[in-house]
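A.B. asks: Build me a structure from this.
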Amino acid sequence: MNSTCETLEDNQIKLVITIDEQEFDEAIEKAFRRIAKEVRLPGFRPGKAPRKVLEARLGVGAGRSEAIQDAVPEYYVKALIEHRVDVIDSPSFEVTEGQDEGALTFEAIVPVRPQIVISDYDSLEVEIPNPVATDEEIDQQIDAMREQFATLEEVQRTVQDGDQVTIDISGTYEGEEVEGLTTTDYLYEVGTGAVVAEIDENLQGVSVGDVVEFEADHPDEEEDGKLSFRIETKMIQERVLPELNDEFASNASEFETAQEMRDDIQTRMTEMKRAQSSAMVRDLIVQKLAEKVEMDPPEAMVEAEITNRIQDFAMRLQSQGMELDRYLEAIGTDISSLREEFSQGADVSVKADLALRSVINQENLGPDEEKLEEYFSLLGAQMGSDSEQARDMLTNSGRLLDLEADLGKQAAVEWLYERAKIVDDQGQSISQSDLEPPEEILDEEEDKNDTDIEGDEE
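C.D. replies: Numbers count the residues shown, from 1 in each chain. So this is what the prediction gives:
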């Protein structure tokens, strides 16, 4: 096969591909072998009729026509790989020579990914919440712990939100008791709206021994009538939180003092916020970068992004034991509606892709041979083979360009992250070092990665 590649206008290229006569004759031979299995000729078992007999019966052009249909897409893919064409949509084909005899030549007009140039990307500014846990957040966490150890204490006062009241309740509908709404000595937390909102409203301010009667809308929207309630309050209890002291700390945690417990909560919450903020900054950087793309992204790329999102979603469903078709049926929708839902932000994702590739090209951030070899070695270990086999697999499948782009985009995001200006919601500057996980977490992640690789090798 010989092929050439020519750049055209409007983000297209033209491939001219020639398959010499001898090589194409092998394709014709394969085509006749397939035809032999599909036709029945007197005196020959299926698949056993010789090519000469088939040519005499069906005509020489039968095998050639089928060979062209098979060879054009096959050799087109080979040319894409050879010339590293970043195709984004289906090509248009035209056979220019060899329709009837001799070598086969065809052209393919191929839409390719636009290459854009953006500027002013080396000092992007993003705003995030401060990554240090505040006193208020720490207090909320401690109060949640205290809630777990709360006790109930009877009080002699009127009912307030959050109280636990013991009640006799009778609920009727059109004069008939409603199952589940009539019981005695029922412990109910006021303010939860667990049954109907009117219960909470009418219990507010009542005392022990009081009886309230009221009507409420039926929670079942298909029922038009009203529910009638009669509630007698028999006991009021309030939740009492344990005092925040060293005794509570030793009971609720592994620490002996309340200050040690608070310090640990602050450390862990800050570590979590830092990790979340680090990921948030990277996401915001990519969003900011996408805003620098002024062109409308090619429709084919947007549609491909939507398709990829749906495929990822389908794979997640499959990992949970559900097929996409069953899921769509269960929620009463169809694939068209799902595509519309997944189209939200797809154009921004495409712009981000184009912008990151621009940074890769301008800053020369594509993966070098060492980086690629590292990836192939890991992939080969996971496949139970070596790096060369992994490289061949990706190359022959046409996915090597995608891999190089993915590695390059990762490098571009990190390059931008290192140079970005990060501020909190008060405009205070935040250093990238303030967002990095502590050393012990990095060590744990490294150990986990090593374990994963060893498991793949086994």
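
A.B. asks: How far does the helix or strand harbouring Gln362 sit from its chain's centre?
C.D. replies: Using DSSP states H and E, Gln362 sits in helix 346-363. Once both centres are worked out by CA atoms, centre = their mean, to the nearest Å, helix 346-363 turns out to sit 18 Å from its chain's centre.

A.B. asks: Same check on stretch 261-277?
C.D. replies: 26 Å.

A.B. asks: Which residues outside that stretch are in contact with it?
C.D. replies: 128-129, 131-133, 137-138, 141-142, 249, 252-253, 255, 430, 434-438, 441 (CB atoms under 8 Å, 6 or more residues apart in numbering). The C-beta positions use only the backbone N, C-alpha and C, and glycine is treated the same way.

A.B. asks: now those residues: which count as buried?
C.D. replies: Burial by neighbour count, judged by 16 or more other CB atoms under 10 Å, picks out Ile128, Pro131, Ala133, Ile138, Gln141, Ile142, Ala249, Ala252, Ser253, Phe255, Ile430, Leu435 from the contacts of stretch 261-277.

A.B. asks: Now render those residues as CSV, adding pLDDT and secondary structure.
C.D. replies: Listed next are the buried ones among the contacts of stretch 261-277 as CSV, based on pLDDT from 0 to 100; DSSP: H, G, I helix; E, B strand; the rest coil:
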residue, pLDDT, secondary structure
Ile128, 93, coil
Pro131, 90, coil
Ala133, 91, coil
Ile138, 95, helix
Gln141, 95, helix
Ile142, 95, helix
Ala249, 95, helix
Ala252, 92, helix
Ser253, 93, coil
Phe255, 94, coil
Ile430, 91, strand
Leu435, 87, helix
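
A.B. asks: With distance to Glu370 as new columns, can the residues you listed be given to me in CSV?
C.D. replies: Shown next, in CSV, are the buried ones among the contacts of stretch 261-277 (distance: CB to CB, whole Å):
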residue, distance to Glu370
Ile128, 33
Pro131, 33
Ala133, 40
Ile138, 45
Gln141, 45
Ile142, 49
Ala249, 51
Ala252, 51
Ser253, 47
Phe255, 47
Ile430, 33
Leu435, 28
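
A.B. asks: Identify, from these, the entry nearest to Glu373.
C.D. replies: Of all the buried ones among the contacts of stretch 261-277, Glu373 sits closest to Leu435, with 30.5 Å by CB to CB.

A.B. asks: Would you agree that closest one is in contact with Ser278?
C.D. replies: Yes - counting by CB atoms under 8 Å, Leu435 touches Ser278, with 4.3 Å between them.

A.B. asks: so which helix or strand takes in the residue nearest to the spatial centre of the chain?
C.D. replies: For the chain, Asp312 is the residue whose C-alpha lies nearest the centre (CA atoms, centre = their mean; 6.6 Å). Following DSSP H and E, one finds Asp312 within helix 299-319.

A.B. asks: buried sites along that helix?
C.D. replies: Met301, Val302, Glu303, Glu305, Ile306, Arg309, Ile310, Ala314, Leu317.

A.B. asks: Name the residues that touch it?
C.D. replies: Applying CB under 8 Å, 6+ apart, the set of residues contacting helix 299-319 from outside is 88-89, 111, 113, 323-324, 327, 335, 338-339, 342-343, 346-347, 349-350, 353.

A.B. asks: one step back: for the helix holding Gln362, the averaged confidence score.
C.D. replies: Throughout helix 346-363, pLDDT has a mean value of 96.

A.B. asks: Could you tell me the angle between that helix and helix 299-319?
C.D. replies: 110 degrees (axes from the mean of the first three to the mean of the last three CA atoms, to 10 degrees).

A.B. asks: Tabulate the CA atom coordinates of helix 346-363 in CSV.
C.D. replies: Only the C-alpha atoms of helix 346-363 are listed here, as CSV (Å, rounded to 0.1, in the frame of the first residue of the first chain):
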residue,chain,number,x,y,z
ALA,A,346,-20.7,18.9,26.1
ASP,A,347,-19.6,21.9,24.0
VAL,A,348,-17.6,23.2,26.9
SER,A,349,-15.8,19.9,27.2
VAL,A,350,-14.9,20.0,23.5
LYS,A,351,-13.6,23.5,23.9
ALA,A,352,-11.5,22.4,26.9
ASP,A,353,-10.1,19.6,24.8
LEU,A,354,-9.1,22.0,22.0
ALA,A,355,-7.6,24.5,24.5
LEU,A,356,-5.5,21.9,26.3
ARG,A,357,-4.2,20.6,23.0
SER,A,358,-3.2,24.2,22.2
VAL,A,359,-1.2,24.4,25.4
ILE,A,360,0.4,21.0,24.7
ASN,A,361,1.6,22.2,21.3
GLN,A,362,2.8,25.6,22.4
GLU,A,363,4.6,24.4,25.5
